[in-house]
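Novice: got a predicted structure plus its sequence, pasted below:
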Amino acid sequence: MHEGDEALNFDPMIPIWAQVADTIQKQIVSGSIHPGDKLPGGRDLALTYSINPNTAARIYQELERKGICITRRGMGTYVTEDGEKIAQLRREMAENAVRSFLEEMSGLGLDWHDAVKMIEEEEDNLAEK
């Protein structure tokens, strides 16, 4: 797809299509794939991620259902140019990441105050590097 793409190490507990769709969505919200960009064809997507072409089609169907991409018959699949839709996706993905992080911290016996303190400490460590 874009430079820096890496093969995914698929989690056997999560459907492959969902993992690849998540990867594409992360590339869109991070800006490595831009609004209006043409996405690779289904066969190219299948080759990039070593997945079945039917799985690639499912990925694009899901992204289209969410309003993240648009398929133009005979032309291909494109990222939406709707900045609000992309901002909403970014917010949803960030909320999910925070929720997962806090659940993980809770599983370690830490509350959100502990989590915030650890984030601040880690941020300080990174700033020093």
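Specialist: Ah, there it is.
Novice: buried residues in stretch 102-115?
Specialist: 105, 115 (16 or more other Cβ atoms under 10 Å). C-betas here are computed from N, CA, C, even on glycine.
Novice: now tell me what touches it from outside.
Specialist: Stretch 102-115 is touched from outside by 101, 118, with contacts defined as Cβ atoms under 8 Å, 6 or more residues apart in numbering.
Novice: and if you look at stretch 10-26?
Specialist: Under Cβ under 8 Å, 6+ apart, the answer for stretch 10-26 is 1, 8, 33, 39, 45, 49, 51, 55-56, 58-59, 62-63, 68, 89, 93.
Novice: how about a cut-off of 10 Å?
Specialist: With contacts defined as Cβ atoms under 10 Å, 6 or more residues apart in numbering, stretch 10-26 is touched by 1, 5-6, 8-9, 32-33, 39-40, 45-46, 48-52, 54-63, 66, 68-69, 79, 86, 89-90, 92-93, 96.
Novice: and for stretch 122-129?
Specialist: Nothing outside stretch 122-129 qualifies as a contact, by Cβ under 10 Å, 6+ apart.
Novice: quick revisit: now, the contacts of stretch 10-26 that are in strands?
Specialist: Counted as lying in strands by DSSP state E, out of the contacts of stretch 10-26, are 39, 69, 79.
Novice: quick one, what contacts the second one?
Specialist: Taking Cβ under 10 Å, 6+ apart, we find Cys69 in contact with 24-25, 28, 33, 37-39, 59-63, 76-80.
Novice: what is the burial count for the residue nearest to it when sequence neighbours are not counted?
Specialist: Using Cβ to Cβ, 6 or more residues apart in numbering and skipping the chain neighbours, the partner closest in space to Cys69 is Leu63 (4.4 Å). When neighbours are counted by other Cβ atoms under 10 Å, Leu63 registers 23.
Novice: tell me the contacts of Leu63?
Specialist: So Leu63 contacts 20-21, 24-25, 28, 39, 69-71, 77, 79-80, 89 (Cβ under 10 Å, 6+ apart).
Novice: swap in Thr71?
Specialist: Residues in contact with Thr71 (Cβ under 10 Å, 6+ apart) are 39, 60-61, 63-64, 77-78.
Novice: try 6 Å
Specialist: 64, 77 (Cβ atoms under 6 Å, 6 or more residues apart in numbering).
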